[in-house]
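Please find the sequence and the predicted model below.
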Amino acid sequence: MKKIIRILNMERGFTLIEVIISLAIFSILSLSLMGIMINFSAQTGKTQRQITTLENARIVLEFMIDETRRAEGIQIDNLSGRQILALEMNGLPGIDISAPNPDVVFEFDSSEKKVYYNGVVLSDNIESINFVPSSIVDADGKIHPDLDINKDDLIDESLKIEIKALIPQDDHIKSDVDYTITGEISIRYKKILTN
């Protein structure tokens, strides 16, 4: 017991060398931990951008499918880099988005990589939108014969919509990343609109 009391009474401090070594070890551990936290933060940001981009593309696809289901008539056009899906909702001839019960126009601008819904931006970072079939009517304005197999003036195929979303490269993503989602809807009893 006397030995323990004697050891406790010896008040000895740290030497300068011990303090410097302790600070060096603490600094190395702190820098390592900070590097891990920065990397984790960058990965979290990348993952969040991927989730947001893919979710926006899914919303566009589901919205197009829902609106197409409600539509009475349908028209698909590809005009100089713009994919257009026009839907007649009010039964009146022609597409009119300013009517009390407005028709619907989805427009994809390939140069801006944006999808518009009646002129309002619905989503961006969209690389492409493809419709299969890409055209419903032939040059004469009649249902394309390949789509009307039964010759009953009704389309026998479904409309397939493929949306390719893009996450552009940045400091954390070294190359562009594309995600493709697809949907399908029957347009058998829809009125086919022409330009």
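Cool, the structure landed.

Can you name the residues in contact with stretch 111-130?
Contacting residues not belonging to stretch 111-130 are listed as 53, 56-57, 59-60, 63, 81, 83, 97, 102, 104-110, 161-168, 178 [CB atoms under 8 Å, 6 or more residues apart in numbering]. Yep, even glycine has a C-beta here, placed from its N, CA and C like the rest.

Pull out the buried residues from these.
Buried subset of the contacts of stretch 111-130 (neighbour count, 16 or more other CB atoms under 10 Å): 53, 56-57, 60, 63, 83, 104-108, 161, 163, 165-167.

Could you single out the nearest of those to Ile36?
Ranked by distance to Ile36 (CB to CB), the buried ones among the contacts of stretch 111-130 are led by Ile167 at 24.0 Å.

circling back to that earlier point, mind checking which of the buried ones among the contacts of stretch 111-130 are in strands?
Residues of the buried ones among the contacts of stretch 111-130 located in strands (DSSP state E): Gln83, Val104, Val105, Phe106, Glu107, Phe108, Ile161, Ile163, Ala165, Leu166, Ile167.

can you put these in TSV and add pLDDT and distance to Ile126?
Output for these, formatted as TSV (pLDDT from 0 to 100; distance: CB to CB, whole Å):
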residue	pLDDT	distance to Ile126
Gln83	87	10
Val104	91	17
Val105	92	16
Phe106	93	11
Glu107	93	11
Phe108	93	6
Ile161	92	12
Ile163	92	6
Ala165	89	6
Leu166	82	7
Ile167	77	11
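
Could you identify the pair within those residues that is furthest apart?
When CB to CB is used, the two most widely separated members of these are Val104 and Ile167, lying 27.7 Å apart.

Measure how the lengthiest helix in the chain sits relative to strand 104-109, angle-wise.
With secondary structure taken from DSSP state H, the chain has its longest helix at helix 16-70. Here helix 16-70 runs at an angle of 130 degrees relative to strand 104-109 (axes from the mean of the first three to the mean of the last three CA atoms, to 10 degrees).

Would you mind pulling up the elements that helix 16-70 packs against?
strand 82-88, strand 104-109, strand 120-124, strand 158-167, strand 177-186 (3 or more CB pairs under 8 Å, 6 or more residues apart in numbering; DSSP states H and E).
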